[in-house]
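Undergrad: after the sequence you'll find the predicted model.
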Amino acid sequence: MKQFSFSQVLICAPLLMLTACAGIQPEKRHSPAELAAYKVENFVAPIASAAGEAAARTEALEKIRTALAQSTSTNSTSPDSIDRDARASDAMGALGAIALFNIEQETGRSLVLGALADFERDLKIASIEYQRAVIAAAYMFYPQESAGPLRRLLGQLETPREFSMAVYSLLKAGGGASASDSVLRSDLRAILVRRFPEWSSEPRLRALEHALTIDSAAELAQRPPLADLLAAPLRKLGPGLPVIYSFQRKDRQHFGMAMVRGPNGQFVRHLDGSYFTIPHLAMALTNLPGTITNGNTPQGLFTIVGAGTATNKWIGPTPYLHSKIPVEATIAEFEHAELLQASEAWTEARYEDFLPVSWRRYQPFKEAYLAGQAGRDDMLLHGTTINSDYYRGASFYPGTPSAGCLVAMESWSKADGTLQRSDQLSLAKAFTASGVDQGYLVVVELDDRVLAVTLGDVLPDVIAAEAMRR
């Protein structure tokens with residue numbers, strides 16, 4: 001079957017096969033001592049074996065065939081709500097399969113554009129979940145072809161998330177949020193303000209209005225000094241804690257890079273004295289902004305509260321690091337101080353209080369705070385059992401996008417699914433090397449260049465930050 005280009009690959013649906021990290025319950029928690037003792041061969045993922053992958057692909061193709069049959073034989077305006085719900089469920093499952101396995105381009109086209117036509121006739125027949133799946137698919141799959149229906153739907157979309165996604169898709173069709181099409185952006189902002197007069201109190205709409213108003217390239221050029229962020233204590237009470245820094249490009253379509261700062265303020269090194277680094281992908285399948293469900297990992301400050309094992313087969317058995325954003329985590333969890341009042345309410349000023357002074361007014365770094373207000377959660381640091389060959393030729397290859405988490409590369413035996421190499425396990429070991437599994441995660445966008453992040457991009461700032469902490 002024909003392979004997608006990068007822009008065609010990244011559909012989003014509720015991804016019934018590759019769900020968002022949301023809702024993952026740990027089978028087990030892992031202590032620092034356990035993490036230190038683990039070897040790669042301790043972990044086996046049957047889904048990563050050739051047989052497991054083949055079975056999953058067969059299941060995916062069946063989902064796609066079922067959805068296509070439903071779309072050609074069922075009238076979506078039928079009064080039978082059970083039939084409509086089944087059709088929508090099949091379509092969402094198919095879109096997830098198409099995205100994950102990078103297959104059946106023409107079926108995806110039919111499902112997305114057919115659903116948008118249905119929505120135009122009667123949006124009330126579609127659940128919010130189905131609206132989200134289709135609009136997200138339109139954003140990544142066919143933004144230009146979807147622009148007409150989405151523009152006409154703006155007056156009907158009543159929920160901030162789906163409205164925002166539709167506007168982001170229209171921006172993409174018009175060249176992007178940072179494009180010079182000021183007329184389009186001004187027009188869309190006027191619609192936003194008219195449809196949602198209280199937009200400034202809704203986090204997704206607040207982020208959208210910012211994207212429609214500012215010059216993102218100029219704003220990024222005003223990023224505060226990186227060394228200030230790398231040297232910041234982050235924790236206000238008690239001794240220092242380890243911190244993972246995930247350095248990213250703005251477009252997220254290339255590998256970022258993760259480093260670990262120990263509790264003493266010095267960055268973790270290998271035995272030969274070189275800095276510990278791993279490639280780190282912070283791009284979701286949707287590549288939507290971080291305030292949107294299943295969008296990219298938001299930029300900003302997270303807390304880390306230990307390590308666990310996910311039940312999601314596409315994440316695999318390698319221990320993840322449990323990161324949380326504000327609101328999802330209480331202020332007490334963020335401070336790692338049990339004596340604080342767990343009921344203390346989050347405010348923007350309280351979030352800023354964790355940051356160095358120079359970063360407190362930098363709006364892009366507040367994305368994690370806004371994402372928490374919007375209800376995002378369970379964006380973990382984890383490995384992957386997905387075959388990266390699905391995305392061969394994409395700018396992020398050999399990475400595998402997630403549904404909003406931070407993904408480290410892993411490789412598995414095709415014979416039986418035994419883990420062979422794991423950047424995720426290396427990251428977990430580096431983070432907990434001091435015997436502590438509590439700390440912080442910083443996701444920071446460096447610039448808008450279109451290439452992978454390397455140590456050379458941040459080395460002068462790392463050296464400067466270490467000197468500041470000595």
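TA: Done, it's in. Numbering: from 1, shown residues only.
Undergrad: spatially central, which residue of this protein would that be?
TA: Centre of the chain computed as the mean C-alpha position; nearest residue by C-alpha atoms, centre = their mean is Gly404, 2.0 Å away.
Undergrad: contacting residues around it?
TA: Going by C-beta atoms under 8 Å, 6 or more residues apart in numbering, Gly404 touches 20-21, 284, 290, 293-297, 376, 379. Every C-beta, even on glycine, is put in place using the N, C-alpha and C of the backbone.
Undergrad: where exactly do the strands run in this protein?
TA: Along the chain, the segments classed as strands by DSSP state E run 29-30, 243-248, 256-261, 278-280, 300-308, 320-324, 381-382, 406-407, 410-412, 419-422, 438-445.
Undergrad: dump these into JSON lines; add mean pLDDT and mean neighbour count as well.
TA: Converted to JSON lines, the strands of the chain look like this (pLDDT from 0 to 100; neighbours: other C-beta atoms under 10 Å):
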{"stretch": "strand 29-30", "mean pLDDT": "96", "mean neighbour count": "18"}
{"stretch": "strand 243-248", "mean pLDDT": "98", "mean neighbour count": "25"}
{"stretch": "strand 256-261", "mean pLDDT": "98", "mean neighbour count": "25"}
{"stretch": "strand 278-280", "mean pLDDT": "98", "mean neighbour count": "22"}
{"stretch": "strand 300-308", "mean pLDDT": "97", "mean neighbour count": "24"}
{"stretch": "strand 320-324", "mean pLDDT": "98", "mean neighbour count": "25"}
{"stretch": "strand 381-382", "mean pLDDT": "98", "mean neighbour count": "28"}
{"stretch": "strand 406-407", "mean pLDDT": "98", "mean neighbour count": "28"}
{"stretch": "strand 410-412", "mean pLDDT": "98", "mean neighbour count": "24"}
{"stretch": "strand 419-422", "mean pLDDT": "98", "mean neighbour count": "19"}
{"stretch": "strand 438-445", "mean pLDDT": "98", "mean neighbour count": "23"}
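Undergrad: out of those, flag the one nearest Glu367.
TA: Each of these was checked against Glu367 via C-beta to C-beta, and the shortest separation belongs to strand 300-308, namely 5.2 Å.
Undergrad: quick one: strands adjacent to the closest one?
TA: Each strand that pairs with strand 300-308, with its direction, by DSSP bridges: strand 29-30 (antiparallel), strand 320-324 (antiparallel), strand 438-445 (antiparallel).
Undergrad: do I have it right that Ala166 meets Leu150?
TA: Yes - with contact defined as C-beta atoms under 8 Å, Ala166 reaches Leu150; the gap is 4.6 Å.
Undergrad: which neighbours do those two share?
TA: Once C-beta under 8 Å, 6+ apart is applied, the residues that Ala166 and Leu150 both contact turn out to be 135, 138.
Undergrad: reformat the strands of the chain as JSON lines; add distance to Glu104.
TA: Shown next, in JSON lines, are the strands of the chain (distance: least, C-beta to C-beta, whole Å):
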{"stretch": "strand 29-30", "distance to Glu104": "38"}
{"stretch": "strand 243-248", "distance to Glu104": "31"}
{"stretch": "strand 256-261", "distance to Glu104": "30"}
{"stretch": "strand 278-280", "distance to Glu104": "29"}
{"stretch": "strand 300-308", "distance to Glu104": "34"}
{"stretch": "strand 320-324", "distance to Glu104": "30"}
{"stretch": "strand 381-382", "distance to Glu104": "27"}
{"stretch": "strand 406-407", "distance to Glu104": "24"}
{"stretch": "strand 410-412", "distance to Glu104": "25"}
{"stretch": "strand 419-422", "distance to Glu104": "30"}
{"stretch": "strand 438-445", "distance to Glu104": "33"}
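Undergrad: with respect to Gln105, which of those lies nearest?
TA: Across the strands of the chain, the minimum distance to Gln105, taken as C-beta to C-beta, is reached by strand 406-407, at 24.2 Å.
Undergrad: pretty sure Gly383 contacts Ser422?
TA: Yes - the pair formed by Gly383 and Ser422 meets the contact definition of C-beta under 8 Å, at 5.9 Å.
Undergrad: who touches both of these two?
TA: Common neighbours of Gly383 and Ser422 (criterion: C-beta under 8 Å, 6+ apart): 318, 408, 410.
Undergrad: considering those residues, which is situated nearest to Ala55?
TA: Of the shared contacts of Gly383 and Ser422, the one sitting nearest to Ala55 (C-beta to C-beta) turns out to be Glu410, at 19.8 Å.
Undergrad: what residues are bridge-paired with the closest one?
TA: Counting by DSSP bridges, Glu410 is bridged to Ser422.
Undergrad: show me what contacts it?
TA: 316, 318, 383-385, 419, 421-424.
Undergrad: the closest residue in space to His210 that isn't next to it in sequence and Leu370, how far apart?
TA: With sequence-adjacent residues excluded and distances taken as C-beta to C-beta, 6 or more residues apart in numbering, His210 is closest to Gln363, at 6.4 Å. Gln363 sits 9 Å away from Leu370 when distances are taken as C-beta to C-beta, to the nearest Å.
Undergrad: of these two, which one has the most company?
TA: Taking other C-beta atoms under 10 Å, Gln363 and Leu370 do not tie; Leu370 has more neighbours (26 against 13).
Undergrad: hmm, that one is touching Arg206, no?
TA: Yes - at 6.5 Å, Leu370 counts as touching Arg206 under the criterion of C-beta under 8 Å.
Undergrad: ok, which of the strands paired with strand 300-308 comes nearest Ala86?
TA: Using C-beta to C-beta as the criterion, the shortest distance between Ala86 and the strands paired with strand 300-308 is 33.6 Å, found for strand 320-324.
Undergrad: thinking again about what came up before, now the shared contacts of Gly383 and Ser422 as CSV including distance to Asp228?
TA: Compiled in CSV, the shared contacts of Gly383 and Ser422 are given as follows (distance: C-beta to C-beta, whole Å):
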residue, distance to Asp228
Thr318, 33
Ala408, 26
Glu410, 33
